[in-house]
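**Q** give me the fold of what follows.
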Amino acid sequence: MRAAARIVTIQEMEVLTFGLTFVRHGETQYNKEGLLQGQAIDCPLSEVGLQQAEAAGRYLKDVKFSNLFVSDMLRARQTAETIVKHNSSCAGLQLICDPLLKEKSFGIAEGKRLQDAKDMAKAAGQSLAVFTPPQGETPEQVKQRVKDFWLKMVQQVGCEHWPERGQDERSSADELPVHALVVTHGAYLCVTMRYLVDDLMCPVPEGCSRAGMFSLSPNAGVSRFVLTLTKEADQTFKVLSIRCLFVNRGDHVQI
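**A** This is a model prediction of the structure:
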């Protein structure tokens, strides 16, 4: 008689639990004027945006970050550098600039008003959410960049910190010895949140609707997750569980 299959729980497996904090860049003059930036327009933070980045830095100053990822665009890099400046745990860490974290390309709509893009979508008989301006990225292309970055990030964090496994998933994310910071862009984050919920089955946090989960983050807004990884036989890492602690928090940047 064959032995009955044994169900292995997460508590019995070797796992790595780590925190993940997303931050949208601070305000730029284009944000203030309601103009689309995308990829072709690489403008710096405005004075308000610099203050927002400072506020985010103060808000995150006690989080023990172990990995730092940022879009290679100026507004995101300025925000990330300001956050790092406030956080002693970041001393000696490499700030990895990754083009996979770039903002969505809006093609010929870049530099135009958001209303102009809405008018273009209407003329094409589509909603703005699914409309792709000529020369811009499709939603599927942005999602592929999100997936590519996610896979890269998970493998890097797993490879670097697997010896620090076995942390209790119930711990505060601030207290976990492994915690990645990702600084990126508004439209990109909207696609990321939808990927985490719809593809990776991350539950929407209590008190937040799906619409709120997928809404545009405020400038320098913060979202936080806790992930649990396990190592596969081929030495790659797989996400066992993911939960959202909060999304699009912006109280710290009200100035």
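
**Q** not counting stretch 69-82 itself, show me its contacts.
**A** 23, 25-26, 28, 37, 39, 42-45, 49-50, 52-54, 56-57, 68, 95-99, 101-103, 149, 153, 180-185, 188, 220 (CB atoms under 8 Å, 6 or more residues apart in numbering). Quick note: C-beta positions are derived from backbone N, CA and C, even for glycine.

**Q** just the buried ones from the residues you listed?
**A** In these, burial by neighbour count holds for 23, 25-26, 28, 37, 39, 42, 45, 49-50, 52-54, 56-57, 68, 95-98, 101-103, 149, 153, 180-185, 188, 220, counting by 16 or more other CB atoms under 10 Å.

**Q** of the residues you listed, which belong to strands?
**A** 23, 68, 95, 96, 97, 98, 180, 181, 182, 183, 184 (DSSP state E).

**Q** got CSV for the residues you listed, with distance to residue 78 too?
**A** Formatted as CSV, those follow (distance: CB to CB, whole Å):
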residue, distance to residue 78
23, 12
68, 14
95, 12
96, 16
97, 12
98, 16
180, 19
181, 15
182, 15
183, 9
184, 13
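
**Q** format those as CSV; extra columns: pLDDT and distance to residue 234.
**A** Below are those laid out as CSV (pLDDT from 0 to 100; distance: CB to CB, whole Å):
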residue, pLDDT, distance to residue 234
23, 98, 33
68, 98, 27
95, 97, 30
96, 98, 24
97, 98, 29
98, 98, 24
180, 98, 22
181, 98, 28
182, 98, 26
183, 98, 31
184, 98, 29
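
**Q** out of the residues you listed, which is nearest to residue 137?
**A** residue 184 (14.4 Å; CB to CB).

**Q** I'd guessed that closest one sits against residue 21; true?
**A** No - with contact defined as CB atoms under 8 Å, residue 184 does not reach residue 21; the gap is 11.3 Å.

**Q** thinking again about what came up before, out of the ones in strands among the buried ones among the contacts of stretch 69-82, the closest to residue 237 would be?
**A** Nearest member of these to residue 237, counting by CB to CB, is residue 180, at 13.0 Å.

**Q** give the full set of residues in contact with the closest one.
**A** Counted by CB under 8 Å, 6+ apart, residue 180 has contacts 18, 19, 20, 21, 65, 66, 67, 68, 69, 153, 157.

**Q** could you turn the buried ones of those into a PyMOL selection?
**A** With 16+ other CB under 10 Å as the criterion, this PyMOL line picks the buried residues out of these:
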select buried, resi 18+19+20+21+65+66+67+68+69+153+157
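
**Q** restricted to helices, list the contacts of residue 180.
**A** 153, 157 (DSSP state H).

**Q** can you redo the contacts of residue 180 as JSON lines with distance to residue 133?
**A** Listed next are these as JSON lines, based on distance: CB to CB, whole Å:
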{"residue": "18", "distance to residue 133": "37"}
{"residue": "19", "distance to residue 133": "36"}
{"residue": "20", "distance to residue 133": "31"}
{"residue": "21", "distance to residue 133": "31"}
{"residue": "65", "distance to residue 133": "36"}
{"residue": "66", "distance to residue 133": "38"}
{"residue": "67", "distance to residue 133": "34"}
{"residue": "68", "distance to residue 133": "32"}
{"residue": "69", "distance to residue 133": "27"}
{"residue": "153", "distance to residue 133": "29"}
{"residue": "157", "distance to residue 133": "35"}
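
**Q** burial of residue 155, as a residue count?
**A** When neighbours are counted by other CB atoms under 10 Å, residue 155 registers 14.

**Q** my read is that it contacts residue 234, right?
**A** No - the pair residue 155 / residue 234 is not scored as a contact, 11.3 Å apart, by CB under 8 Å.

**Q** which other residues reach the worst-scoring helix or strand of the chain on mean pLDDT?
**A** Within the chain, no helix or strand scores below helix 114-123, which has a mean of 92 by mean pLDDT, DSSP states H and E. Contacts to helix 114-123, defined as CB under 8 Å, 6+ apart, come from residues 34, 35, 36, 106, 109, 127, 128, 131, 133.
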